[in-house]
Structure formats: structure tokens, C-alpha cells
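[1] okay, predicted coordinates and the sequence, questions at the end:
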Amino acid sequence: MKKIILMLFTCSIAIIDCKAQSKIGANYIHEIECLGSELDGSVTLKSWGKGKNRNDALEQAKKEAINAVLFTGIRNGKQECESRPLLNAPNIRENKADYFNNFFKDDGDYKKFTSNKDESFGKKEKEKGRDGDVMYGYVIRVMRSDLKKQMITDGILNN
């Protein structure tokens, strides 16, 4: 009797474990990936965006790419991209919250520094989450040198 109970318990754990693994993909965090850098001071990144539709996801992917260049740096992909963030002062995002909230708002200035014209070279990847939102992978070009100049002009980055 003990063997049967132990066997049932083991099988139920195995089934539960297999089921949990199938849900992980929907919550996977995608990181920004360097695809290359250009001679004009721009970097080409693979960025992921999540939204109710494809356009929302594209805008989110652009914001994520700019956020990585400004605050977190690029750690994945090719080594050509500058891995250090442009702004490495502690708590700069919080200290300049008014500026960055305005910068990243819908139709904000962040759009001046991104392009997805390289998209034809990349495969559009799509995932659907449990919340109904879709997640797309985009090839985004960030004009890093222009972004740096803007941060200096706006007094966010010291020369």
C-alpha cells in the first residue's frame, strides 16, 4: 500500500512539474541585445515590446531600447555596442523624474532617437502572454551619439 501511495505521489509531482514549465515562456523577460554598431554613432538593437496590439508593442520596444542605452547598458549580443549606459550617476532617473517622464511619454522626445527602418532585416517575433497582451521582438536603431548630445544640451549629462 505504501508503494502505491508513493508511486501516485511521485507521478503527481512529475505531472505538476511538467505543467509549471509550460507556463514559464509567457512570463520570460527578454533582454535588449546588440546586433551591431554603425559608423554614424548609432547602435542596432533587438528590443522587445509588450502591448495590446502591434503598434503599442513597437512603441514599448523603442522605449525599452532607449532606456537600456541611457540607464542599464547593453550586455547581450555582439560586443560592438557600448555596454556602459550613457547616464551612470546613481538615481539619475529618480532625481530627474520630471524630465524623463516627459521624455518617455507617448509621442515624447524619445522618438527622435529611434528608428525601426532596419526591421526588414529582422524577423518579427511574437508571443502572447496570459494577460492577452502580445510581445514582439523588433530591430531598433538608437542614435546613441545624438542622444548623448541631447542629454548634454538638456543639462542631464555633464560634458
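    It's in. Numbers count the residues shown, from 1 in each chain.
[2] what is the burial count for Met143?
    20 (other Cβ atoms under 10 Å). Using the backbone N, CA and C atoms, a C-beta is placed for each residue, glycine as well.
[3] from what I can see it touches Phe113, true?
    Yes: applying Cβ atoms under 8 Å as the test, Met143 and Phe113 come out as touching, 4.8 Å apart.
[4] mean confidence for stretch 138-149?
    For stretch 138-149, the mean pLDDT works out to 94.
[5] going by neighbour count, which residues in it are buried?
    Neighbour counts over stretch 138-149 (16 or more other Cβ atoms under 10 Å) mark 138-144, 147-148 as buried.
[6] with stretch 39-49 instead?
    42-49.
[7] and for stretch 86-93?
    For stretch 86-93, by 16+ other Cβ under 10 Å, it's 86-87, 92-93.
[8] can I get the residues you listed in a markdown table with secondary structure?
    A markdown table is the format used below for the buried residues of stretch 86-93 (DSSP: H, G, I helix; E, B strand; the rest coil):
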| residue | secondary structure |
| --- | --- |
| Leu86 | coil |
| Leu87 | coil |
| Ile92 | helix |
| Arg93 | helix |
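[9] I am finished for the moment; much appreciated.
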